[in-house]
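>>> 3D, please:
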Amino acid sequence: MTPEDFLKTYELALASQQWETVAPLIHKNACITFSDGSVHQAIEQIEKAYRRNFSLIESEVFTIGDVHWVERREDVAVYVFNFTWKGIINGQAAGGKGRGTTVITREGDSWKLLTEHLGPA
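Reported below is the predicted structural model:
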């Protein structure tokens, strides 16, 4: 799996809105900062946050675009990107957009998300 393969797989996993599909892509010591400023450290907190989002946002579509690879090494890669999301929250259309930075690390033949920071556009 290449870093680009990871990115495609991660985007599809998010679209599934199933933690069980996303979990294998997240490093056990990961740290994720959502665009609302909330920080989720380690797999247990991240799982709670993702499950909450998946249940809160119906029919969510999360799109990653304009990816720029900052660094690509044998065991680590860093990319910045634009993102948009839309879905239904409490029966109302909702959405947003922003910029993100992600660091992934190689574990064996696969890549895992080590840190991700989502912020305003």
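
>>> After the strand or helix carrying Ala30, heading C-terminal, what element do we hit next?
Per DSSP states H and E, Ala30 falls inside strand 26-33. Using DSSP H and E, the helix or strand that follows strand 26-33 towards the C-terminus is strand 39-41.

>>> now whichever helix or strand comes after that next one and strand 26-33, what's the angle there?
For strand 39-41, the following helix or strand on the C-terminal side (DSSP H and E) is helix 42-56. With axes from the mean of the first three to the mean of the last three Cα atoms, to 10 degrees as the basis, helix 42-56 and strand 26-33 are set at 70 degrees to each other.

>>> Identify each buried residue in the helix or strand just after helix 42-56, please.
Counting by DSSP H and E, the next helix or strand C-terminal to helix 42-56 is strand 58-72. For strand 58-72, the neighbour count (16 or more other Cβ atoms under 10 Å) marks 60, 62, 64 as buried. The way it works is simple: take the backbone N, C-alpha and C, and place the C-beta from them, glycine included.

>>> pLDDT and distance to Leu14 added to those residues, as CSV?
As requested, those are exported to CSV (pLDDT from 0 to 100; distance: Cβ to Cβ, whole Å):
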residue, pLDDT, distance to Leu14
Glu60, 91, 8
Phe62, 90, 5
Ile64, 95, 9
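
>>> Quickly name whichever of those is closest to Ile32.
The nearest member of the buried residues of strand 58-72 to Ile32, counting by Cβ to Cβ, is Phe62 at 13.2 Å.

>>> What residues does that closest one make contact with?
11, 14-15, 83-85 (Cβ atoms under 8 Å, 6 or more residues apart in numbering).

>>> Make a PyMOL selection of the buried ones in these.
Per 16+ other Cβ under 10 Å, the buried members of these correspond to this PyMOL selection:
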select buried, resi 14+83+85
